[in-house]
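A.B. asks: sharing a model prediction with you, sequence too.
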Amino acid sequence: MSDWITGIVEGMGYMGIAFLMFLENVFPPIPSELIMPLAGFSAGRGGLSFAGVVVAGTAGSLLGQLPLYYLGRALGEERVKAFADTHSKWLLLDADDIERAFRWFDRHGGPAVFICRLLPGIRSLISIPAGIRRMHLLPFIVWSTFGMGAWATALASAGMLLGRNYEKVEQYVGPLAMIVVAACVAGVAIWGIRRRRSGRA
């Protein structure tokens, strides 16, 4: 996959970066942790401008969020709650828990979107609850742009600084993504188990 990504970035330039970052958001096995450092490395060599790399990466990421956002809108709140109630035994969540999560999102929607854009492993997933809760599209785009712009800038900067060793960014961030996801899953599981135990008490 690394050779394929390299070929697209070198052959298509900014359009290739935007295309790959779009795919990365809808097809997670394509890692932004490899795309943007490679683009930063190319900027460091003078083949591309750093600003253009960041803009292309941010634009591609933003476009990749829209299908997930509209997927959330299509699913709707009631379907998600019904699914949670039907499968609450293994989800360790029910409709009431989902409603509490949605109320939290209503209070912190914009900043929550921004922060999640900076967390590997869950960067794209926040678009789905944003769509389910029908967050207004303009603030969704604005907060997403800030977060994705910061992420693209950080990765491209790392690639520029590391030079030909840009692939080390993915080696470090990849395991971090797995840790973040595992921590989130474990946190939800522990919270659900404790809630059930307290309910039986």
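C.D. replies: Right, received. Where do you want to start?

A.B. asks: is the residue nearest the centre of the chain in a helix, a strand, or coil?
C.D. replies: By C-alpha atoms, centre = their mean, the chain has its centre lying nearest to residue 123, at 1.6 Å. Of the three states, residue 123 takes coil under DSSP: H, G, I helix; E, B strand; the rest coil.

A.B. asks: okay but it is in contact with residue 151, surely?
C.D. replies: Yes - in this structure, residue 123 is within contact of residue 151 by C-beta atoms under 8 Å, at 7.0 Å. Glycine gets a C-beta too; all of them are placed from N, C-alpha and C.

A.B. asks: anything in contact with each of those two?
C.D. replies: Contact criterion C-beta atoms under 8 Å, 6 or more residues apart in numbering; residues shared by residue 123 and residue 151: 32, 117.

A.B. asks: so residue 18 is in which element?
C.D. replies: Under the criterion of DSSP states H and E, residue 18 resides in helix 14-26.

A.B. asks: just the CA coordinates of that helix, formatted as PDB?
C.D. replies: What follows is helix 14-26, C-alpha atoms only, in PDB (Å, rounded to 0.1, in the frame of the first residue of the first chain):
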ATOM      1  CA  TYR A  14      -2.300  18.000  -4.400                       C
ATOM      2  CA  MET A  15      -5.200  16.300  -6.100                       C
ATOM      3  CA  GLY A  16      -3.700  12.900  -5.100                       C
ATOM      4  CA  ILE A  17      -3.300  14.000  -1.500                       C
ATOM      5  CA  ALA A  18      -6.900  15.200  -1.400                       C
ATOM      6  CA  PHE A  19      -8.100  12.000  -3.000                       C
ATOM      7  CA  LEU A  20      -6.200   9.800  -0.600                       C
ATOM      8  CA  MET A  21      -7.400  11.700   2.400                       C
ATOM      9  CA  PHE A  22     -10.900  11.400   1.200                       C
ATOM     10  CA  LEU A  23     -10.500   7.700   0.900                       C
ATOM     11  CA  GLU A  24      -8.800   7.500   4.300                       C
ATOM     12  CA  ASN A  25     -12.000   8.800   6.000                       C
ATOM     13  CA  VAL A  26     -14.300   6.300   4.300                       C
END
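
A.B. asks: and the contacts of that helix?
C.D. replies: For helix 14-26, using C-beta under 8 Å, 6+ apart, the contacting residues are 5, 8-10, 12, 30-32, 35-36, 39, 48, 52-53, 55-61, 63-65, 67-68, 123-124, 152.

A.B. asks: filter those to the buried ones?
C.D. replies: Neighbour counting with 16 or more other C-beta atoms under 10 Å marks 5, 8-9, 30-32, 35-36, 39, 48, 53, 55-61, 64-65, 68, 123-124, 152 as buried within the contacts of helix 14-26.
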